[in-house]
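structure here, sequence nowhere to be found:
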């Protein structure tokens with residue numbers, strides 16, 4: 001009972017702050033953690049793409065494929081935030097890809113997306129099945145025969 005009151009109090013405070021700052025949190029029917037994850041994923045994707053404009057002033061010594069990789073990751077983050085708002089399990093699959101790739105590139109930084117992935121797995125009942133779910137289900141039924 002107290003837990004529900006504390007949770008609703010926290011959500012009420014977050015809504016009040018968002019109203020004061022004139023920030024509209026995405027997917028108003030979703031739980032607050034999902035909405036915040038979608039918001040921060042969107043901001044992260046936009047900042048990755050936006051950081052390319054800073055390279056106009058001072059280009060890094062990296063090769064051109066580095067720019068392409070940053071564009072892909074930024075667009076992927078924006079797409080994931082859209083899928084979270086739409087409550088599609090494709091967001092869970094794509095977050096899993098980010099965590100796996102992140103473990104190879106920078107294991108320390110991939111801890112936060114890993115925790116988000118764990119949260120998504122526990123909240124997967126709130127998401128609709130995606131193309132990947134349907135494909136895996138069809139694949140499993142073919143092997144079952």
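Yep, that arrived. Keep in mind that what you see is a predicted model, and the values were worked out from it rather than measured. Numbers count the residues shown, from 1 in each chain.

stretch 77-95 - what's its average pLDDT?
On average, the pLDDT along stretch 77-95 is 90.

buried set for that stretch?
Buried positions in stretch 77-95, judged by neighbour count with 16 or more other Cβ atoms under 10 Å: 77-85, 87-95. Any C-beta I mention is one placed from the backbone N, CA and C, and that applies to glycine too.

can you count the residues close to residue 141?
9 (other Cβ atoms under 10 Å).

check which helix or strand covers it.
Taking DSSP states H and E as the definition, one finds residue 141 inside helix 131-144.

what packs against the host helix or strand of residue 80?
Secondary structure assignment for residue 80, by DSSP H and E: helix 64-85. Packing contacts for helix 64-85, counted by 3 or more Cβ pairs under 8 Å, 6 or more residues apart in numbering; DSSP states H and E, involve helix 32-57, helix 90-105.

mind listing what's buried along the first one?
Same thing as helix 32-57. Buried residues in helix 32-57 (16+ other Cβ under 10 Å): 32, 34, 35, 37, 38, 39, 41, 42, 44, 45, 48, 49.

tell me the one of those residues nearest residue 127?
Checking the buried residues of helix 32-57 against residue 127 by Cβ to Cβ gives residue 34 as the nearest, at 9.1 Å.

what separates the closest residue to the closest one other than its chain neighbours from residue 35, distance-wise?
Of all residues not flanking residue 34 in the chain, residue 84 sits nearest, at 6.1 Å (Cβ to Cβ, 6 or more residues apart in numbering). Distance, residue 84 to residue 35, using Cβ to Cβ, to the nearest Å: 8 Å.

my guess is the residue nearest to residue 34 meets residue 91, correct?
Yes: taking Cβ atoms under 8 Å as the definition, residue 84 is a contact partner of residue 91 at 4.6 Å.

where does pLDDT dip in this protein?
Applying pLDDT under 70 to the chain flags the ranges 1-8, 10-11, 21-28, 57-63, 145.

circling back: report the inter-axis angle for the helix holding residue 80 versus helix 90-105.
150 degrees (axes from the mean of the first three to the mean of the last three Cα atoms, to 10 degrees).

what's in contact with helix 64-85?
Applying Cβ atoms under 8 Å, 6 or more residues apart in numbering, the contact partners of helix 64-85 are 26-27, 30, 34, 37-39, 41-42, 44-49, 51-52, 55, 60, 90-91, 94-95, 98, 130.
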